[in-house]
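*Asks:* 3D model of this:
(chains A, B, C and D)
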2 protein chains.
Amino acid sequence: MPSRIDREARKAELAEAAWRVILRSGVSAVSVRTVAEEAGLAVGSLRHVFPTRTELLVYSAELMMERAYERITNLPREGSTEDHVLAVVKNLVPFTEQTRAEMDVNIALIAEATAVPELKVLRDSAHAQIAAACIWLAAALRGEDPDAPSEAATRSGRRLHALTDGLALHLMHRAESEDLERAAEILEDEIRGIAAGRN
Amino acid sequence: MPSRIDREARKAELAEAAWRVILRSGVSAVSVRTVAEEAGLAVGSLRHVFPTRTELLVYSAELMMERAYERITNLPREGSTEDHVLAVVKNLVPFTEQTRAEMDVNIALIAEATAVPELKVLRDSAHAQIAAACIWLAAALRGEDPDAPSEAATRSGRRLHALTDGLALHLMHRAESEDLERAAEILEDEIRGIAAGRN
DNA sequence: ATCAATCTAGCACAGTCGTGCTAATTTAGG
DNA sequence: CCTAAATTAGCACGACTGTGCTAGATTGAT
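*Replies:* Sure thing, here's the model as predicted:
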């Protein structure tokens, strides 16, 4: 047999190629052919790993969410709770090239979910996960037991979540340095507000 | 010549057919053929009005934004400022089937902007318009001259905008009646907060 | 009745798409 | 060395795409 390939590495390679295609030409340009070429592989090789376009798309989405999840859970836990929450939330908003691309790919995949229903369950579980995290963080900010959030903490969490996603969307349009500063300011205010029990 | 057709009406008819296709099968399913069939017309007829797919897509987006703009500016101006602001903002969030479909089409077109750059300018101008409106509304809530918003009003407006868009995004995933209530509650709180000068 | 503008209809081309399928190539294990 | 499995390569099919183009049908104005 030929040199056995690291299947996971190969899948990641292809998913990353798919991301690049999405960023450059939109999700409609993602096909087994374009992605294979972007990855520098033959179509047959791609199809050996992802037999259908749907599988390629689904895995590309999965890996993106997984990477984001790891990046956030591995955030250093030093400093005040407020600092930590801010760090987490900032990772959900396109403040860097990295998260910006992520967000872009994310929107494309969400939009594609109408055509590829398999993507819906991913989208929904990611959403639920972030929603829960926001509530958890809000409870922590208020000094509650995060695993038994009060009604008020739940409300704060949901609000934080909405604010975060809204800012994320906005920074996709305009992300000059002033926009970034303003977004950060709004988030800081909100987090301080929650900690002070104002929201 | 044949019965001269109302060009604007025909264009609207086709744009609405395009919306239906987007809602049913996603924007990638929009082609001159699928939309013509959806509208019950021959491809030639469609192409007589929209020679290219891009023009069809752009007009579909334009009409959607125009409709939303008219719906909102025609909102009855009775009641308190707070009530009016709430009514406006509720029209930017998928609280009804109508606005929900609008939002869905909107996301699809935003995602397609990578592939069809002509859509970007539309997206950006709509965004800027809503941003300005939110600031205007925030100033009004605070009892300022809306056409000369203070720094504080500007900040409130931006925050309201982010919150609105975030909630809009969330209600695209889940929109049970409880979700709608919660979203409405958050918006009401925010608007009260701005009027009270808290935010 | 004729002319001409408008609209409808559809053919044709070159390209891409997803996917089923076969064949060649490569190399680890015996 | 040789077999068998893993991987790469790519052909083929039918379906779809956007768009250029030509005709025919329709009917208002003259």
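
*Asks:* close to DNA strand D: what parts of chain A are there?
*Replies:* Counting by CB under 7 Å from any atom of the strand, chain A comes close to DNA strand D at A:1-5, A:7, A:10, A:41-45, A:47-49. To be clear about C-beta, it is placed using only N, CA and C from the backbone, and glycine gets the same treatment.

*Asks:* just the buried members of the residues you listed?
*Replies:* A:Arg10, A:Leu41, A:Arg47, A:Val49 (16 or more other CB atoms under 10 Å in any protein chain shown).

*Asks:* including pLDDT, distance to DNA strand C and secondary structure, could those go into a markdown table?
*Replies:* Putting those into a markdown table (pLDDT from 0 to 100; distance: CB to the nearest atom of the strand, whole Å; DSSP: H, G, I helix; E, B strand; the rest coil) gives the following:
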| residue | pLDDT | distance to DNA strand C | secondary structure |
| --- | --- | --- | --- |
| A:Arg10 | 96 | 15 | helix |
| A:Leu41 | 95 | 13 | coil |
| A:Arg47 | 97 | 6 | helix |
| A:Val49 | 97 | 12 | helix |
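
*Asks:* can you tell me which two in those are farthest apart?
*Replies:* Taking CB to CB as the measure, those span a maximum distance of 12.1 Å, between A:Arg10 and A:Arg47.

*Asks:* verify the stated contact: A:Ala68 with A:Asn91.
*Replies:* Yes. Using CB atoms under 8 Å, A:Ala68 is in contact with A:Asn91, at 7.4 Å.

*Asks:* need the phi and psi values for A:Ala115.
*Replies:* phi -90, psi -30 (degrees, to the nearest 10).

*Asks:* next: A:Ala184.
*Replies:* Main-chain torsions, A:Ala184, degrees, to the nearest 10: phi -60, psi -40.

*Asks:* isn't it right up against A:Lys90?
*Replies:* Yes. At 7.1 Å, A:Ala184 and A:Lys90 qualify as touching, with contact defined as CB under 8 Å.

*Asks:* higher neighbour count, the two?
*Replies:* The neighbour comparison of A:Ala184 against A:Lys90 (other CB atoms under 10 Å in any protein chain shown) goes to A:Lys90, with 21 against 16.

*Asks:* next secondary structure after the helix or strand of chain A with the lowest mean pLDDT?
*Replies:* Least confident helix or strand of chain A, by mean pLDDT, DSSP states H and E, is helix A:97-112 with a mean of 91. The helix or strand immediately downstream of helix A:97-112 is helix A:118-141, counting by DSSP states H and E.

*Asks:* run through chain A and note the low-pLDDT ranges.
*Replies:* Segments of chain A classed as low confidence (criterion: pLDDT under 70) are A:1-3.

*Asks:* do you know how far A:Ala153 is from A:Val85?
*Replies:* Separation of A:Ala153 from A:Val85 (CB to CB, to the nearest Å): 12 Å.

*Asks:* make that A:Trp136, sorry
*Replies:* Distance of A:Trp136 to A:Val85, given as CB to CB: 10 Å.

*Asks:* ok, those two, which is more surrounded?
*Replies:* A:Val85 (24 against 18).

*Asks:* quick check: closest non-adjacent residue to that one.
*Replies:* In this structure, A:Val85 finds its nearest non-sequential neighbour in A:Leu137, 4.8 Å apart by CB to CB, 6 or more residues apart in numbering or on different chains.

*Asks:* before we move on, back to that, next, show the common contact partners of A:Ala68 and A:Asn91.
*Replies:* Listed as contacting both A:Ala68 and A:Asn91 by CB atoms under 8 Å, 6 or more residues apart in numbering or on different chains are A:Thr99.
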